[in-house]
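[1] Sequence plus predicted model, see below.
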Amino acid sequence: MRVVNLRDETAYEAPGGRLTKVLVDEATGAKNVMVCHAELPPGAKSDVHSREEEEILYLLEGEQVIVTPEGEAHRLVPGSLLFIPPGTTHQHTNPHDEPVRFLGIFSPPAGMGGAIRKRPVAGESEKR
């Protein structure tokens, strides 16, 4: 078993200003799942993307809208859970004045945690 505290985990920068912390993945012994905590600043948008993995978003704070190129918009409020099937193109948006915080759960993990850890550490890109 492993206890994880958000305060102890490193935040990595992602496109659109999102900050991501890897909580559970292959590096921590998980074989079938990856869990991350993400924060999307006010007014920010992620890149448009899709994944081969099943993705579940669970909103902790704020209000987030997940949009698709087909014009679908899924509004999430705290306590909302959204299942995103593999191959679904989507974008995370935060059209509000408060940050959004959510958990992303992926299965299988497919090395995503390692890829996230290769991104710049939050705050370090300003030092360059």
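    Happy to help now that I have it.
[2] from memory residue 2 sits against residue 28, does it?
    Yes. Counting by CB atoms under 8 Å, residue 2 does reach residue 28; the two are 5.8 Å apart. Where C-beta positions appear, they are placed from N, C-alpha and C, glycine not excepted.
[3] Looking at those two, which is more packed in?
    Between residue 2 and residue 28, counted using other CB atoms under 10 Å, residue 28 has the larger neighbour count: 14 against 8.
[4] quick one: contacts for the more buried one?
    Contact analysis of residue 28 by CB atoms under 8 Å, 6 or more residues apart in numbering lists 2, 4.
[5] how about a cut-off of 7 Å?
    By CB atoms under 7 Å, 6 or more residues apart in numbering, the residues touching residue 28 are residue 2.
[6] Can you show me the helices along this protein?
    Ranges of helices within the chain are 112-117, based on DSSP state H.
[7] Would you mind measuring from residue 120 to residue 14?
    9 Å (CB to CB, to the nearest Å).
[8] Now do the helix or strand of the chain with the lowest mean pLDDT: distance to the chain's middle.
    Sorted by mean pLDDT, DSSP states H and E, the helices and strands of the chain end with helix 112-117, the least confident at a mean of 87. Centroid separation for helix 112-117 versus its chain: 12 Å, with CA atoms, centre = their mean, to the nearest Å.
[9] Strands of this protein, start to end?
    Secondary structure of the chain by DSSP state E: the strands cover 12-13, 19-24, 34-40, 54-61, 64-67, 73-76, 81-84, 91-93, 100-107.
[10] can I get those in JSON lines with mean neighbour count, distance to residue 46 and mean pLDDT?
    Below are the strands of the chain laid out as JSON lines (neighbours: other CB atoms under 10 Å; distance: least, CB to CB, whole Å; pLDDT from 0 to 100):
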{"stretch": "strand 12-13", "mean neighbour count": "19", "distance to residue 46": "12", "mean pLDDT": "93"}
{"stretch": "strand 19-24", "mean neighbour count": "20", "distance to residue 46": "10", "mean pLDDT": "95"}
{"stretch": "strand 34-40", "mean neighbour count": "22", "distance to residue 46": "7", "mean pLDDT": "96"}
{"stretch": "strand 54-61", "mean neighbour count": "17", "distance to residue 46": "11", "mean pLDDT": "97"}
{"stretch": "strand 64-67", "mean neighbour count": "19", "distance to residue 46": "9", "mean pLDDT": "97"}
{"stretch": "strand 73-76", "mean neighbour count": "14", "distance to residue 46": "14", "mean pLDDT": "97"}
{"stretch": "strand 81-84", "mean neighbour count": "14", "distance to residue 46": "12", "mean pLDDT": "98"}
{"stretch": "strand 91-93", "mean neighbour count": "19", "distance to residue 46": "4", "mean pLDDT": "96"}
{"stretch": "strand 100-107", "mean neighbour count": "20", "distance to residue 46": "11", "mean pLDDT": "97"}
